[in-house]
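Participant: need the 3D shape of this:
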Amino acid sequence: MRKIGFSHGTIYKIIEKYQPSSIKIFKESGSNAIEICLYNASEVEQLANIKEEVLDFSYKSIHLPTQNIVYKNDIQTLEFLDKIEKFYNEINASLVLVHPDLVEDWNVFDNYKINWAIENMDNRKNKYKTMEELKEFFSKNINWKLVIDLNHCYSNDKTMNIAEDIISLFNDKIAEIHLSGYIELHEPLFITKQDFIIDLCDKINVPIIIESIFDNIDDVKKEYEYINKKLN
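Facilitator: Coordinates of the predicted model:
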């Protein structure tokens, strides 16, 4: 059975994401995977609140903060990553995702026994968007994995040729898919009907994490069921 689930931050507009009841929403959708998404480093202190609920999912990953942080070889970064490693082991996570544009010193990650991954960036970023940049990264960081974000691919290339190229070239590196619709940011696919984005998931059999942002709790299950019906 394919592992499909949600980033737990997708319901932030509706409910506080670090309470057990928020995780239950994803369980009730039928999903068997979850990605714990931190927006700020301070949120690491709240991970214990949802640990027990997260354990029930067959696939778990962690998305490191994307705001107000730079990863470098200093005490603040090391203390933060120490706490991430502890949670990673406690929930038996499969990978930890880092936004590469926020890294100042890649060597800091070598201190940890974690399966690290980066993702391709969207059109708002200045780097890590192109094939050339990804090739350069993986030539220097051979043990890292890739999370292909199909929304980000579409924001950069409406033909989705870049997604096809990434899947073809980095097939052995891709460990997870990020999936959502795209109009302005991360819209639900059951609304955008951009089935051509979903279709690309059939090209590689890795866990799918849905990053669509929801305004209504009922839409979580609608999105899960819509995507599952479209997958072959």
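
Participant: how about the helices of the protein, start to end?
Facilitator: All helices of the chain, identified by DSSP state H, fall at 20-29, 51-54, 75-90, 131-140, 150-156, 161-169, 189-192, 195-199, 218-230.

Participant: turn those helices into TSV, including distance to Asn205 and mean pLDDT.
Facilitator: For every residue, glycine as well, the C-beta is placed using N, CA and C. Shown next, in TSV, are the helices of the chain (distance: least, C-beta to C-beta, whole Å; pLDDT from 0 to 100):
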stretch	distance to Asn205	mean pLDDT
helix 20-29	21	95
helix 51-54	23	96
helix 75-90	23	97
helix 131-140	20	95
helix 150-156	15	95
helix 161-169	11	96
helix 189-192	19	97
helix 195-199	14	97
helix 218-230	15	96
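
Participant: could the ones you listed be laid out in TSV, adding mean neighbour count?
Facilitator: Converted to TSV, those look like this (neighbours: other C-beta atoms under 10 Å):
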stretch	mean neighbour count
helix 20-29	18
helix 51-54	17
helix 75-90	16
helix 131-140	13
helix 150-156	22
helix 161-169	16
helix 189-192	17
helix 195-199	16
helix 218-230	17
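
Participant: reformat the ones you listed as TSV; add distance to Asn107.
Facilitator: Output for the helices of the chain, formatted as TSV (distance: least, C-beta to C-beta, whole Å):
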stretch	distance to Asn107
helix 20-29	34
helix 51-54	29
helix 75-90	11
helix 131-140	11
helix 150-156	26
helix 161-169	26
helix 189-192	38
helix 195-199	35
helix 218-230	38
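
Participant: nearest to Leu38, out of the ones you listed?
Facilitator: With C-beta to C-beta, the closest approach to Leu38 among these belongs to helix 75-90: 8.5 Å.

Participant: tell me which other helices or strands the closest one touches.
Facilitator: Counting contacts by 3 or more C-beta pairs under 8 Å, 6 or more residues apart in numbering; DSSP states H and E, helix 75-90 is packed against strand 59-63.

Participant: so the strand it packs on versus helix 75-90, what angle?
Facilitator: Put simply, strand 59-63 runs at 170 degrees to helix 75-90, going by axes from the mean of the first three to the mean of the last three C-alpha atoms, to 10 degrees.

Participant: helices or strands next to strand 59-63 in the packing?
Facilitator: strand 33-37, helix 75-90, strand 95-98.

Participant: starting at the chain centroid, how far to it?
Facilitator: 8 Å (C-alpha atoms, centre = their mean, to the nearest Å).

Participant: strand partners (parallel or antiparallel) of that strand?
Facilitator: Counting by DSSP bridges, the strands paired with strand 59-63 are strand 33-37 (parallel), strand 95-98 (parallel).

Participant: returning to what we had before: now the helices and strands packed on strand 59-63 in CSV, with distance to Lys27?
Facilitator: As requested, the helices and strands packed on strand 59-63 are arranged in CSV below (distance: least, C-beta to C-beta, whole Å):
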stretch, distance to Lys27
strand 33-37, 9
helix 75-90, 19
strand 95-98, 21
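
Participant: now for these, which one comes closest to Leu146?
Facilitator: strand 95-98 (9.7 Å).

Participant: now what about that closest one, what contacts it?
Facilitator: Strand 95-98 is contacted from outside by 35, 61-64, 71, 84, 88, 109, 114-119, 145, 147, 175-176, using C-beta atoms under 8 Å, 6 or more residues apart in numbering.

Participant: again, only this time at 7 Å
Facilitator: Outside strand 95-98, the residues that touch it by C-beta atoms under 7 Å, 6 or more residues apart in numbering are 61-64, 71, 84, 88, 114-119, 145, 147, 175-176.
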